[in-house]
Every structure is written in structure tokens, then in C-alpha cells.
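K.L.:
just a sequence and a predicted model for now, questions to come.
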Amino acid sequence: MHSPKTISAIRFLFFPFAFLYGIVIHIRNFLFDKKVLKSNHFSTPTICVGNLSVGGTGKTPMTEMLLSFFEKKYKTATLSRGYKRKTKGFLIANENTTALEIGDEPMQFHQNFPQAIVSVCEDRSFAIQQLEQHPNKPDLIILDDAMQHRKVTADCHILLSDYSNLYVNDFFLPVGSLRDQRSSADRANIIVVTKCPSNLGLGEKKSIEKKIKLLPNQQLFFSSISYGTPYNIFTKEEFNISQNDMVIAIAGIANPQPYFDYVDRLTENTEKVALTDHYEFSEQNIFDLFSKHKKVGKKEDIVYLVTEKDAVKIHSYQQVFINLSARIYVLPINCVILYNESDNFYRKIIAALDNIDN
């Protein structure tokens, strides 16, 4: 663990690079603002979910919350880049699709919302054109992680900022975690402070509101993470973890700390394994990873717990887990809007989608 002085010195050394990166970002945004660089708006209503920083701000739970709400009334599509997929170009998920083809997060959308049209493409503008020409044309498109993709002008921009690292206090990479300038928040219709404590006090809420300084047309919401009951990755059978269970918690996500903190509250006997974000599982590394932890306790006493994002990649390796006699469960996650503001949240979105059928 580096001392505060060491961290300050490292940041000072990287400041010139962050300054140059910031100049490039400002120039790019200026060219889009002045319409030198073209941005396309489409007839199909679009919601953009994004952030200004690298790392986990809760885009996937937010996108799933939107899917859960809107797919009840509208034929809804998601459009993602498909990070770390082994394919290229425009793809729509089907019953035979794997995470290798579309990426882990889109695969999670596909498994949890089989009625949704889950698509991936590096070129968002081209992809929307393809969706609009598709026989199963969607009524609504949710753009996942698209705040920086200014070639598309969405009808509603939802900007997410982590409670523990607000964008207003952050700085450009590599000194901070910003990949876009703070003023890009002005493009948002809605700003959501994510991963808040579920009991966030009104005093702290007001303090954050003052820091963010909303524009007249913007609205600020607060959300927290809610975890469901773990379920077996293969049988879907639910399992309630007790204080006596030995849990090996594995996470290949950007910010695993909230996940690990929650597991610590379930049982006193935990071992945590933090993998890189979008970790690529294989038969060999699964065998190595899970065999390594057998020595922690009796094999039959160990409960392996993974995130939903990792589960979609592990699912195809069922035989490996049978050979290891490993009990592996998934911890589901949900986004919850705080202060009973859910209705206002969705009203604000629908108001921005003036071309959607109400």
C-alpha cells in the first residue's frame, strides 16, 4: 500500500500526460459541439447510459433496471460495444450465442431478458441503422456505455457517478479516472449517484447536490445496490449462505469491493479472489483457480460465489465443475432508486423520449 506522499508524487509525475489527454478530449468535444464532427439522431427513441470515468459505476445494473421497466410495454433493444468479444461488426444475440461472441455484459442482458433484442457493434450509428431496418424493429434502444460515443445523439442521457468517487472531484487519466471532461455532464438529462449506502442521510444527500450543481433541465437521483439470493449457476436452485459456510468469493469486475463487503456480511469465513475486469475464463484457468482453494477447508464445505458478469462466461464449463465436485453459485445484483423516487425517475426519462408512444 503506497503512502499518501508516494501517491501524490506519482500523480505529480503523471500530470503532464493527464493534461495532454485533457486537451485532446476538449478539442474532440469542441468539434462535436460546433458540428464540425457529425452526430446522428434517429427516429427510434434512444436512452444512453454512461459515465465520465473508467471503472465500475453500475452501468450494467442500471441497464437491466431500465430493461425490466420498459420491456413490459415496448419492444426494447440494447446496443453495446461488446468489449473483449472474439467477433467484429454488428451482431444480434440468439439462442446459440455465447459470451465470446458478444461480450460478458451483453450476454448477461441476453440471459436475464431473453425477450429483449441484444445487439453489439463498434459503430453505434451503423448499428442503430441496422436495428431500424430489422424485421423485428425495436420501439426503444438502450445504448450501454455510450456517453463518449458522440456520433449518436440520444434522446435521453443518463450519467452515472460512483458515490465513492464523484466525477466533480475527479481528474483526467492517468492522474484520476476521468476519460471525459467534467463539463460533459451538461449533456445529461439525468445524473445518478450510484452505489450509495441504502441509508444515505438527507444531510449528505444535500451536500452532494450542492457539489454537482445541476442545470435547470437536469434532475439528480441516488441509487444503491441490492443483492438477491445466490443461486446455483447450473440448476438455478437458490442457496442461503449461513455464517458457518466457507465462501470463496470470485470477481472479475471493475470494482469488486462492494461485492466483497456484502459477502463479508453473509459469513465470517471468506476468501476473496479479485480478477481483472472482463476476465477471460478457460477450462485450464478455471481448473487451476478452483483447485487452488480446495485446501481452505473440506471440499464439500466450500461454497464458490461469482458475479453474474462472470457467470455468463463460466456457464459453458459445467463438466470442469463436475470433475472438481465444486458447488458454484451466482450472486444476483439489482439497482434501487433511493428516497422513493423511482416513479419520478421513469417520468423524467419518458418526458425526454418525446418520440415514443405513451
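P.N.:
Okay, I see it.
K.L.:
residue 157: what secondary structure?
P.N.:
Using DSSP: H, G, I helix; E, B strand; the rest coil, the structure places residue 157 in strand.
K.L.:
ok, now the one 3 residues further on?
P.N.:
What three-state DSSP gives for residue 160 is strand.
K.L.:
hmm, it is touching residue 60, no?
P.N.:
No - with contact defined as CB atoms under 8 Å, residue 160 does not reach residue 60; the gap is 10.5 Å. Just so you know, the C-beta spots here come from the backbone N, C-alpha and C atoms, and that holds for glycine as well.
K.L.:
give the rounded mean pLDDT of the longest helix seen in the chain.
P.N.:
Longest helix of the chain, by residue count under DSSP state H: helix 4-33. Averaged across helix 4-33, the pLDDT comes to 86.
K.L.:
what's the offset of the next helix-or-strand element following that helix from the middle of its chain?
P.N.:
Sequence-wise, the next helix or strand downstream of helix 4-33 (DSSP states H and E) is strand 46-51. Using CA atoms, centre = their mean, to the nearest Å, the mean C-alpha position of strand 46-51 is found 11 Å from that of the whole chain.
K.L.:
then stretch 279-291?
P.N.:
23 Å.
K.L.:
in that stretch, which residues are buried?
P.N.:
Within stretch 279-291, the residues that qualify as buried are 279, 281, 286-287, 289-290, counting by 16 or more other CB atoms under 10 Å.
K.L.:
for those, name the two members farthest from one another.
P.N.:
Using CB to CB, the buried residues of stretch 279-291 span at most 14.9 Å, a distance reached by 279 and 287.
K.L.:
and the protein, split by domain according to the record?
P.N.:
Following automatic domain parsing, one finds the domains of the chain at 46-226+336-352, 229-331.
K.L.:
redo those domains as a markdown table? Include mean pLDDT.
P.N.:
Below are the domains of the chain laid out as a markdown table (pLDDT from 0 to 100):
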| stretch | mean pLDDT |
| --- | --- |
| domain 46-226+336-352 | 96 |
| domain 229-331 | 88 |
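K.L.:
of these, flag the one that's most buried.
P.N.:
Stretch with highest mean neighbour count among the domains of the chain: domain 46-226+336-352 (a mean of 18; mean count of other CB atoms under 10 Å).
K.L.:
mind listing the helices for the stretch 251-358 of the chain?
P.N.:
With helices called from DSSP state H, counting those that start in this stretch, the stretch 251-358 of the chain shows them at 257-266, 283-292, 308-314, 318-324, 342-352.
K.L.:
possible to save those as a markdown table with distance to residue 56?
P.N.:
Below are the helices of the stretch 251-358 of the chain laid out as a markdown table (distance: least, CB to CB, whole Å):
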| stretch | distance to residue 56 |
| --- | --- |
| helix 257-266 | 9 |
| helix 283-292 | 21 |
| helix 308-314 | 10 |
| helix 318-324 | 26 |
| helix 342-352 | 21 |
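K.L.:
residue 128 is nearest to which of those helices?
P.N.:
Comparing the helices of the stretch 251-358 of the chain by CB to CB, helix 342-352 comes nearest, at 17.1 Å.
K.L.:
contacts for the closest one next, please.
P.N.:
47, 66, 69, 155-156, 158, 189-190, 219, 221, 337, 356, 358 (CB atoms under 8 Å, 6 or more residues apart in numbering).
K.L.:
quick one: residue 101 and residue 18, what's the gap?
P.N.:
Per CB to CB, to the nearest Å, residue 101 is found 36 Å from residue 18.
K.L.:
err, residue 307, not the other one
P.N.:
31 Å.
K.L.:
likewise for residue 189?
P.N.:
29 Å.
K.L.:
kindly report the same for residue 142.
P.N.:
Taking CB to CB, one finds residue 142 at 31 Å from residue 18.
K.L.:
what does stretch 248-266 contact?
P.N.:
Contacts for stretch 248-266 (CB under 8 Å, 6+ apart): 54-56, 162, 195, 225, 227, 241, 243, 245, 247, 270-279, 281, 289, 293, 296, 302-307, 309-310, 331, 333.
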